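Colleague: Below is the sequence, then the predicted model.
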Amino acid sequence: MNNTDYIRLSFPVNPAYVSTARLTASSIANRIRLDVDETEDIKTAVSEACIYIIKRSAAFAGNHFEICFMPQVGEMSVEISAQDNRDLQNVSGEEMSLMMIKALVDKFDITKPTQDQISITMVKKHKETAFD
């Protein structure tokens, strides 16, 4: 595996596809040898982030959300993005899911790369490399 490996998937904004995103996260985590607890953490974080993104972008007809998995030795980065034209200041109702994601991963960021897009970036490190 090299530093340019990545897996990019696009899903309709529909909660039915969250399980597919979870399964993909699990498969990639297994490939880079995250342990069982780390794999469960990243699967749960991916689920919560997908649901958060789906809720924020559901108003856009025919919209899709994208997930990009970037596995590296000892860690996995995940970016989930979709169309959304609301401010990030409007996150108080979903604060619990964001707090859960932050507790499950080593790095977390939510941004608005453009005015009509939202992006969640997470990194889960293998516990043996987390404190290097």
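Modeller: That came in fine, so what should we check first?

Colleague: Report the beta-bridge partner residues of the spatially closest residue to P113 that is not a sequence neighbour.
Modeller: Leaving aside its sequence neighbours, P113 sits nearest to S119 (CB to CB, 6 or more residues apart in numbering; 5.3 Å). Using the backbone N, CA and C atoms, a C-beta is placed for each residue, glycine as well. Here S119 sits in beta bridges with S81, T111, going by DSSP bridges.

Colleague: R33 is in contact with K127, isn't it?
Modeller: No. Assessed by CB atoms under 8 Å, R33 is found out of contact with K127, at 11.3 Å.

Colleague: if we can go back for a sec, check contacts around the residue nearest to P113.
Modeller: Going by CB atoms under 8 Å, 6 or more residues apart in numbering, S119 touches 79-81, 110-113.

Colleague: Likewise for K127?
Modeller: Applying CB under 8 Å, 6+ apart to K127 gives the contacts 35, 38.

Colleague: Surely it forms part of a strand?
Modeller: No. Under DSSP: H, G, I helix; E, B strand; the rest coil, K127 sits outside any strand and is assigned coil.

Colleague: List phi and psi for it.
Modeller: Note on K127: its backbone torsions stand at phi -60, psi -30 [degrees, to the nearest 10].

Colleague: hmm, back to that, any idea how far T111 is from the residue nearest to P113?
Modeller: Separation of S119 from T111 (CB to CB, to the nearest Å) stands at 5 Å.
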